[in-house]
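Enquirer: sequence? don't have it. structure:
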């Protein structure tokens, strides 16, 4: 009988797999699940441990919704599910869509309070939320889906709760519901959706800026674990999506990832955790430039939970928010590393005269490493080769001779063979694959200095013609990437030493495929578990040779797809956009129809550095496809940057605002006239996004301005709206002014705030240039000369002296601001030349 019962149960489970939303189907409905998770599912989130705060008042396992009243708590927020659940919980945004307003009907009140009216300590409140919204919600969801989940065995032991046990839960919940014939069930979706919205309602911050309490670190981490579980439940709901596109009648609206422009769900405790994370990362030796890069993103709070290998850590005490110096080298003190400590194997060198011969013929020298580790230099243009992109501080360089230790050559030989075999880069296998690495292929001998310059001029061609570019970074080579969430993989790549160097930006950009090119991507990043291909077009990491780009139905632009929602829930969207900014394609940098090339390259170069400042203009010129010979014809950093600006010629007008708000901005700009308006270096700009933002505002703002200018030997020429100051307060300048603007015979009042240091004496002839419209930032200039062309048009030659912020006049300003400025508004066609 037991055998018969087992067989019946097996048949029942097999049939149950074919049910979808209560209807029997011939094939299991798992294609969406495979599209969401792929064939090799990863962990969803970076695991971390939090205190088991509800030990004294654990969840009792009874009815989820009545739990608060059973333990003396009252819920002050309720989800009205207005507009059929399209509005976020606690906010109605649909009814006021035309006015651009939102109506908070519950978020203004504290989420929970004591039933007896007493004020509970913060730690007791957080312990209650952990019991109810973590253990209680998890118990309820598992019950709905029929999953038996051992909390004590999986989640917590002793005083600690491990969130790593939540990884993989969405698939387990789906499989369990499938065994019960509930996959895709509307009732199941409705129950998950209700719990999801309720958790979001209770844990959403009431205030736009501040948390309700100044939480301790442990309390913040507990609240973060509840937020992670909320995302896990959202993913579980997503597995039951009836279609690839999420329609308004599917009951799949997930407000956590679909907020309206007027409202955004901010979890309680996240702001405080962000402040505490700053200190934690600094104490653990993270670079200030990495912290600056991530600090405004939600993913920032997960960074402290990454275990970084001690062997790869650097000293970042001298780094700034815009520059990492931990990867700088001093050539005179440089030591080439062996593959392991204590190795004393011999160095094997390339004959520099062979390098001279290849470069004399304008050919790219390649190295073939034999099985017995003998080197041969080949300049055959048909030989396939892999270009190595590396960070010199990791020890793979050599400033004294074109030589590497035998152990390093063996390692390179092994890595290139694995790369070619994994991705079938050398189908014939009858011909060896060469290697190009700067250590061996760029001359370092003093008498070959001109050939070194020639090799540098060939760099773009070198990386473009390679069959692959293999990036080597000491920390990434110690990272087992397949077992990590995409978020962790993205943080590690973005914060690696390899992405902090300017030379590697050029090398990567030449290998990444672009939207404007048809070539496939060739950028591979070496990890502990093998080389990983970064595919820029579909923004994914690939571990084997891709057959083709996955073709999916063209989505309705008004609807979200399952994949889009999944990438937001898992923070993969941040990874994709960040890698796209940090590793742009050279095709897109040079051929963008939206961004000026300088705007895109300045953002990609942000916080990257070179050991020699004079190398930055060379890298930028190569990235932008400029004439490297002209840049190399001068020696100093300033002279080379001037050449870059002159060769680009057409620059975004926003470049004059690149240093706004920066103390002592003049020291950050070139000192030579007529280029004092231009940044000395693009990599050290504190906010390179200003250039892109301002250019976007010019295209989309209420008043269209010309967004670019022309860099000539006599200065930067452009046309833009400005304000000519006609009446200036005598004596020392004030920091705040009432600004009276004359426009078409009418006077309008604004408030001007001077940013940064205020000059002791006002310039005799001052003017303002608006960033976009009047109510915005302004560049303050001193007019030195007026030129008039044959048509009577006037061009003002001016020097940049400062920045200000113009805002609308309010009554409260009249009593606080006494000084006044008067000016006449120019047309948007006014000509300027900054010197």
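Expert: Ah, there it is. Quick caveat, the model's predicted, so the values are computed rather than measured.
Enquirer: hey, let's count contacts and neighbours off CA atoms from now on
Expert: Fine.
Enquirer: Just list the residues touching residue 122, thanks.
Expert: 213, 215 (Cα atoms under 8 Å, 6 or more residues apart in numbering).
Enquirer: Next, give phi and psi for it.
Expert: Residue 122 has phi and psi values of phi -60, psi -40 when expressed as degrees, to the nearest 10.
Enquirer: and what of residue 823?
Expert: phi -160, psi 160.
Enquirer: In this protein, where's the longest helix?
Expert: Assignment by DSSP state H gives helix 217-238 as the longest helix of the chain.
Enquirer: what's the average pLDDT for that one?
Expert: Per-residue pLDDT over helix 217-238 has a mean of 95.
Enquirer: Can you give the distance of that helix from its chain's centre?
Expert: 22 Å (Cα atoms, centre = their mean, to the nearest Å).
Enquirer: got it, and stretch 559-578?
Expert: Worked out by Cα atoms, centre = their mean, stretch 559-578 lies 13 Å from the chain centre.
Enquirer: related to what we said a few turns ago, residues contacting the longest helix of the chain, please?
Expert: Applying Cα under 8 Å, 6+ apart, the set of residues contacting helix 217-238 is 45, 50-51, 123, 126, 130, 133-134, 138, 141, 163, 166, 169-171, 173-174, 189, 192-193, 196, 199-200, 203, 252, 254, 267-270, 272-273, 276, 562, 566, 569-570.
Enquirer: Please list only the buried members of those residues.
Expert: 45, 50-51, 126, 130, 133-134, 138, 141, 163, 166, 169-171, 173-174, 189, 192-193, 196, 199-200, 203, 252, 254, 267-270, 272-273, 276, 562, 566, 569-570 (16 or more other Cα atoms under 10 Å).
Enquirer: Tell me, how many residues neighbour the residue lying closest to residue 626 once chain neighbours are set aside?
Expert: Distances taken as Cα to Cα, 6 or more residues apart in numbering place residue 647 nearest to residue 626, at 6.6 Å, with adjacent residues excluded. Counted by other Cα atoms under 10 Å, the residues lying close to residue 647 total 19.
Enquirer: same question, residue 442
Expert: Neighbours around residue 442, by other Cα under 10 Å: 26.
Enquirer: separation between it and residue 363?
Expert: For residue 442, the distance to residue 363 equals 12 Å [Cα to Cα, to the nearest Å].
Enquirer: Residue 658 too?
Expert: As judged by Cα to Cα, residue 658 and residue 363 stand 40 Å apart.
Enquirer: Tell me where the stretch 351-500 of the chain is predicted with low confidence.
Expert: Applying pLDDT under 70 to the stretch 351-500 of the chain picks out residues 429-430.
Enquirer: Okay, helices next: where are they in it?
Expert: Remark: helices assigned in the stretch 351-500 of the chain by DSSP state H, counting those that start in this stretch are 352-360, 406-423, 438-441, 449-457, 459-465, 486-494.
Enquirer: right, and the ones you listed - which one's nearest residue 642?
Expert: Closest to residue 642 of those, according to Cα to Cα: helix 449-457, at 18.5 Å.
Enquirer: List of residues touching that closest one?
Expert: Identification of contacts with helix 449-457 by Cα under 8 Å, 6+ apart yields 356, 359-360, 364, 442-444, 622, 628-629, 632.
Enquirer: Going by neighbour count, which residues in stretch 417-435 are buried?
Expert: Neighbour-count burial for stretch 417-435, counted by 16+ other Cα under 10 Å, picks out 417, 419-420, 423, 425-426, 433-435.
Enquirer: now do the same end-to-end measure for stretch 647-663.
Expert: 29 Å.
Enquirer: next one: stretch 129-140
Expert: End-to-end for stretch 129-140, by Cα to Cα: 15 Å.
Enquirer: where do the helices sit along the stretch 701-835 of the chain?
Expert: Taking DSSP H, counting those that start in this stretch, the helices of the stretch 701-835 of the chain run over residues 811-816.
Enquirer: where in it is pLDDT low?
Expert: 701-706, 728-733, 759-762, 811-818.
Enquirer: What's the mean pLDDT across stretch 204-213?
Expert: 76.
Enquirer: mind listing what's buried in it?
Expert: Applying 16+ other Cα under 10 Å to stretch 204-213 flags 204-206, 211 as buried.
Enquirer: which among those gets closest to residue 336?
Expert: Nearest to residue 336 among these is residue 211, at 50.9 Å by Cα to Cα.
Enquirer: who touches the closest one in this structure?
Expert: 205, 268-272 are the contacts of residue 211 under Cα under 8 Å, 6+ apart.
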